[in-house]
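1. Give me a model of this one.
(one chain, ligands or ions: 1)
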Amino acid sequence: MAEETIFSKIIRREINADIVYQDDLVTAFRDINPQAPTHVLIVPNKLIPTINDVTKEDEPALGRLITVAAKIAAEEGIAEDGYRLIINCNRDGGQEVYHIHMHLIGGRPLGRMLASSSQI
Ligand code: DGP
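-> Numbering: from 1, shown residues only. The predicted structure is shown next:
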């Protein structure tokens, strides 16, 4: 059994967060440390630690992450200019909270996907 993170408490509304959307499958709330004018985290309500742990039965919730991202981007007024969706996985991916979450980031030009580096 995976260990709960702070995100489970946010989903259950046991601690404060700026929740912008919630339904039976996913919850979306503003990142506590925003990297751009819009920075929303969209998470499955079910605790799935990483992308490596997903199963076929998670497909409805994982698909909902995308449709909710598009809806929030439209509401935030960033759909036309564009935005970035990111899911980090494990240490090399930079994952800090072990409850799958999709970052929706936009509201300014985001530049190249990765900082340029000579290391491949
Ligand atoms: P990642 O590196 O992909 O695991 O991103 C974790 C993000 O979660 C990071 O951008 C900060 C955010 N975060 C961590 N704790 C909290 C919290 O308690 N509330 C909110 N709203 N965001 C949090």
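2. C-alpha only now, for contacts and for neighbours.
-> Will do.
3. which stretch of helix or strand covers Arg112?
-> For Arg112, there is no helix or strand it lies in under DSSP states H and E.
4. Report the central residue of the chain.
-> Met102 (2.1 Å; Cα atoms, centre = their mean).
5. Could you measure from it over to Ile120?
-> For Met102, the distance to Ile120 (Cα to Cα, to the nearest Å) stands at 25 Å.
6. Please enumerate the strands of the protein.
-> 19-22, 26-30, 38-44, 83-86, 102-106 (DSSP state E).
7. where are the low-confidence patches of the protein?
-> Counting by pLDDT under 70, the chain shows low-confidence ranges at 116-119.
8. Which residues of it lie near the ligand?
-> Counting by Cα under 6 Å from any ligand atom, the chain comes close to the ligand at Ile6, Ala17, Arg30, Asp31, Ile32, Asn33, Asn88, Gly94, Gln95, Glu96, Val97.
9. Now tabulate those in CSV and tack on neighbour count.
-> As requested, these are exported to CSV (neighbours: other Cα atoms under 10 Å):
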residue, neighbour count
Ile6, 12
Ala17, 16
Arg30, 17
Asp31, 19
Ile32, 11
Asn33, 7
Asn88, 18
Gly94, 10
Gln95, 15
Glu96, 10
Val97, 16
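10. Of the residues you listed, which pair is most distant in space?
-> Pairwise distances across the residues of the chain next to the ligand (Cα to Cα) peak at 22.2 Å, for the pair Ala17 and Gly94.
11. Does the longest helix that the chain contains pack against any helices or strands, and if so which?
-> Longest helix in the chain, counting residues (DSSP state H): helix 59-76. Applying 3 or more Cα pairs under 8 Å, 6 or more residues apart in numbering; DSSP states H and E, one finds that helix 59-76 contacts strand 26-30, strand 38-44, strand 102-106.
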